[in-house]
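[1] quick one, fold the following:
(chains A, B, C and D)
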There are 2 protein chains.
Amino acid sequence: MSKVPTIKEIAKQLKISVSTVSRALHDHPSIGLRTKTRVQELARELGYEPNQTAIFFKQRKTFTIGVILPYLIEDFFAGAISGIEELAMQHKYNVLIGQSQDNVEREIEILTAMKNQRVDGIIVSLSKHTKNLDHFAVLEKYGIPVVFFDRVPASNAYNKVAFNMPQGTHQAITFLMEKGHRRIGIINGPKEMKSSKERTDTYMEVMQKKRLKIDLSLVAYCDLTREGTAEAMESLLSLKQPPTAVLAINDYVALDAIQYCKSKKIKNNKDIFFVSYANLPISGYLESPPMASIEQYPGKQGRKAAEILMQLMDAPEDQQPAPQNILIDGELVEHKR
Amino acid sequence: MSKVPTIKEIAKQLKISVSTVSRALHDHPSIGLRTKTRVQELARELGYEPNQTAIFFKQRKTFTIGVILPYLIEDFFAGAISGIEELAMQHKYNVLIGQSQDNVEREIEILTAMKNQRVDGIIVSLSKHTKNLDHFAVLEKYGIPVVFFDRVPASNAYNKVAFNMPQGTHQAITFLMEKGHRRIGIINGPKEMKSSKERTDTYMEVMQKKRLKIDLSLVAYCDLTREGTAEAMESLLSLKQPPTAVLAINDYVALDAIQYCKSKKIKNNKDIFFVSYANLPISGYLESPPMASIEQYPGKQGRKAAEILMQLMDAPEDQQPAPQNILIDGELVEHKR
DNA sequence: CTGTTAGCGCGTTCAC
DNA sequence: GTGAACGCGCTAACAG
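    From the prediction side, this is the model:
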């Protein structure tokens, strides 16, 4: 730390006052061209860079946003972060991250640290087990806005960005119908997941509209593990009239289901067909991928969440806009084989 | 921001001085038990939380470490971040991230922002195209220590943590030898990559030790794209004596090579065998994965890098320890089929 | 044991 | 056009 230059140092060397230096550096109109250039030259020479921590402290603004999400290793979240970072960078914000690991205590711990650090805003994808949103209440006191994404709270009193499940599901089912399927099975996540209900509801709606009778035994639930998926798939296959196609909550579950089918000598993309959500980049490497995936655009979701957060941070403290509730449309992507 | 409590506020309400409050809050020994409890009680009541930005400013320490890496979406880097975050959290540090996207300008931009924010230390995995390390020189002036990991500079004047290529490669080749293979091909990355040379060198060493003659036409290079991999694989297959096994730079390249073989009616795990580096989590879903992967322990690499950084940050500015050059051993993992 | 004071680096009045 | 003075919240001498 041979000597980190400050405006004070520059002022001393030039024998002028710090306020003049400050103004010169900011191109203030009321500073003489001569002093201005002298100051700017010396600043460059010394490699002067303003000390952000001082500015943060003074401005009560850190130009930092915090992002809390379950696991960075999941492609979806990594993609979302990229979208957030992109927008943050454009607006000169830094990104602080924390992984809750689907653990509520960790979520709270990270939240507290971020609050104390006085981040200007927070973007959150809730831990799987977060039911209670009390820990987010303190943020209000500190004037820290929050935007939820993907794993969002049910109440729309909050700003949130999520996947448009009805639209995506509609697309998936329509796609399968066009391929001639009439008995379509579903493998949901756990029953408690909001998305499970949404998926099922949309499924029933579409069936109804097409005047097809609804058979609820075609709707299975799983705990997202390989074994749970196998059980769900087994229940579907053991029906008197098993489905000819299955819509699975995500690509991993679809792959597990496909493996289970294989063990039963039922061939994917021949005897049975799968469509799932997420569109993992690995699909291209699989010999037997799902027929199609519903791309959920994680980057877009992240970007949108960051966009809303920027608006909130810009808005005057006492006059926050009404909570926004954004849905991001999915898009069906067929996998070439 | 209904009213964020400060020590000043507490002092006023209790009609004592701010320094007494400060000390009481820090359990300073020279504060009377009575005042101490009074202060701590009111603090809790008011929901007082110290303003870190003020502390940062005062202490010239932000308890934040910056992490710069190419792409968060790559499993390796996501895993590394987790290791870093784990150690950082234990030491009460926050983690600021930035993705260079393998772009040097972005790397510099992020670095500058982190420096201005006065992070206490930085962990970097270099962008693919970074040849010149000049932009890291300024950090010295600010007393910000740096630790490189995975994509590290060649010079060992820097602190760095990287995969132990000789050890991992030795393991892979020995494994293939034990399976009876004598003609083992290599698919490296680009020739410029340090790892390509290391892999080749180790390969030759092992062959030599086993008294097998070295055939350099068995060593191919690719640009990591699907097409490049196909070309490399083609060159290996078109040899008079093609290899019976291939060591590939990473799982994706191995998968591309396997696909190419398939298109030529050469069956993976039967006519030819693959071993690659990384051990992607997807391997379990593949019908025809590489025979084995060398796990590179990204979390361990991240943790180690963070550990070294902690030491550097703790060390007095003027007495930094000699640069450490750590190698993390790999481990061969067989894939069940 | 506790209070007073100074100062971290910067931007921003308010004077001249 | 420029300088002096103040204050953000907190810690740390230095005094009592």
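[2] which residue ranges form the helices in chain A?
    For chain A, the helices defined by DSSP state H occupy A:7-14, A:18-25, A:33-46, A:52-59, A:75-90, A:104-116, A:137-141, A:165-178, A:194-209, A:226-237, A:251-263, A:298-314.
[3] which of the ones you listed sits closest to B:H129?
    Proximity to B:H129 (CB to CB) singles out helix A:75-90 among those, at 19.2 Å. Heads up, the C-betas are built off the backbone N, CA and C, glycines and all.
[4] what comes up buried for the closest one?
    A:75-89 (16 or more other CB atoms under 10 Å in any protein chain shown).
[5] now narrow the residues you listed to whatever sits close to DNA strand C.
    When CB under 7 Å from any atom of the strand is applied, no member of these is adjacent to DNA strand C.
[6] closest one to DNA strand D out of those, please.
    A:A88 (24.7 Å; CB to the nearest atom of the strand).
[7] measure the closest one to chain B for me?
    Computed as CB to the nearest CB, to the nearest Å, the A:A88 to chain B distance reads 10 Å.
[8] just to revisit the earlier point, so which of the helices of chain A gets nearest A:L286?
    helix A:251-263 (7.4 Å).
[9] the closest one to helix A:226-237, inter-axis angle?
    60 degrees (axes from the mean of the first three to the mean of the last three CA atoms, to 10 degrees).
[10] between helix A:75-90 and helix A:251-263, find me the angle.
    Using the same axes, to 10 degrees: helix A:251-263 against helix A:75-90 is 160 degrees.
[11] now for helix A:251-263, which elements pack on it?
    When contacts are defined as 3 or more CB pairs under 8 Å, 6 or more residues apart in numbering or on different chains; DSSP states H and E, helix A:251-263 packs onto strand A:184-188, helix A:226-237, strand A:245-248, strand A:273-278.
[12] does A:E9 touch A:G47 like I think?
    No: between A:E9 and A:G47 there is no contact under CB atoms under 8 Å: 11.4 Å.
[13] near chain B, which residues of the stretch 151-300 of chain A show up?
    Counting by CB under 8 Å from any CB of the partner chain, the stretch 151-300 of chain A comes close to chain B at A:Y252, A:L255, A:D256, A:Q259, A:L280, A:I282, A:Y285, A:L286, A:E287, A:S288.
[14] rewinding a little: deepest of the helices and strands packed on helix A:251-263, which one?
    Counting by mean count of other CB atoms under 10 Å in any protein chain shown, strand A:245-248 has the highest mean neighbour count of the helices and strands packed on helix A:251-263, with a mean of 28.
[15] contacts for that strand next, please.
    Residues outside strand A:245-248 that contact it (CB atoms under 8 Å, 6 or more residues apart in numbering or on different chains) are A:169, A:172-173, A:176, A:179, A:181, A:183-187, A:199, A:203, A:233, A:236, A:254, A:257, A:272-277, A:290-291.
[16] hmm, try it at 7 Å
    Residues from elsewhere that reach strand A:245-248 (CB atoms under 7 Å, 6 or more residues apart in numbering or on different chains): A:172-173, A:176, A:181, A:184-187, A:236, A:254, A:257, A:272-276.
[17] would you check which pair of the residues you listed lies furthest apart?
    Of all pairs in the contacts of strand A:245-248, the most separated under CB to CB is A:I173 and A:A257 at 17.1 Å.
[18] follow-up on the earlier one: just send the helices and strands packed on helix A:251-263 back as CSV, with distance to DNA strand D too.
    Formatted as CSV, the helices and strands packed on helix A:251-263 follow (distance: least, CB to the nearest atom of the strand, whole Å):
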stretch, distance to DNA strand D
strand A:184-188, 48
helix A:226-237, 49
strand A:245-248, 51
strand A:273-278, 44
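[19] quick check: A:V275 touching A:S283?
    No: between A:V275 and A:S283 there is no contact under CB atoms under 7 Å: 11.9 Å.
[20] identify the contacts common to the two.
    With CB under 7 Å, 6+ apart as the test, A:V275 and A:S283 both reach A:S293.
[21] for the stretch 151-300 of chain A, which residue gets nearest to DNA strand C?
    Relative to DNA strand C, the nearest point of the stretch 151-300 of chain A is A:N159 (28.5 Å; CB to the nearest atom of the strand).
[22] how much space separates that residue from B:I186?
    Distance check for A:N159 against B:I186: by CB to CB, to the nearest Å, it reads 52 Å.
[23] let me see the domain layout of chain A.
    As assigned by automatic domain parsing, chain A contains the domains A:7-50, A:62-162+A:298-328, A:165-295.
[24] determine if any part of the shortest one is in contact with DNA strand D.
    Think domain A:7-50. Yes: counting by CB under 7 Å from any atom of the strand, DNA strand D is contacted by domain A:7-50 at A:15-20, A:23, A:30-32, A:34-36.
[25] get me the contact residues on chain A for DNA strand C.
    So far as CB under 7 Å from any atom of the strand goes, chain A lies against DNA strand C at A:4, A:6-8, A:18-19, A:22-23, A:25-26, A:50-51, A:54-55, A:57-59.
[26] returning to what we had before: between A:I173 and A:A257, which one's more packed in?
    Comparing A:I173 with A:A257 by neighbour count (other CB atoms under 10 Å in any protein chain shown), the higher total belongs to A:A257, at 29 against 23.
[27] which non-adjacent residue is nearest that one?
    A:M233 (4.5 Å; CB to CB, 6 or more residues apart in numbering or on different chains).
[28] per-residue pLDDT of the one you found, please?
    Per-residue pLDDT puts A:M233 at 97.
[29] ditto for A:K265
    At A:K265, pLDDT is 95.
[30] check contacts around it.
    By CB under 7 Å, 6+ apart, the contact set of A:K265 is empty.
[31] cool, the one 10 residues further on as well?
    A:V275 makes contact with A:A172, A:F175, A:L176, A:L247, A:P290, A:M291, A:A292, A:S293 under the criterion CB under 7 Å, 6+ apart.
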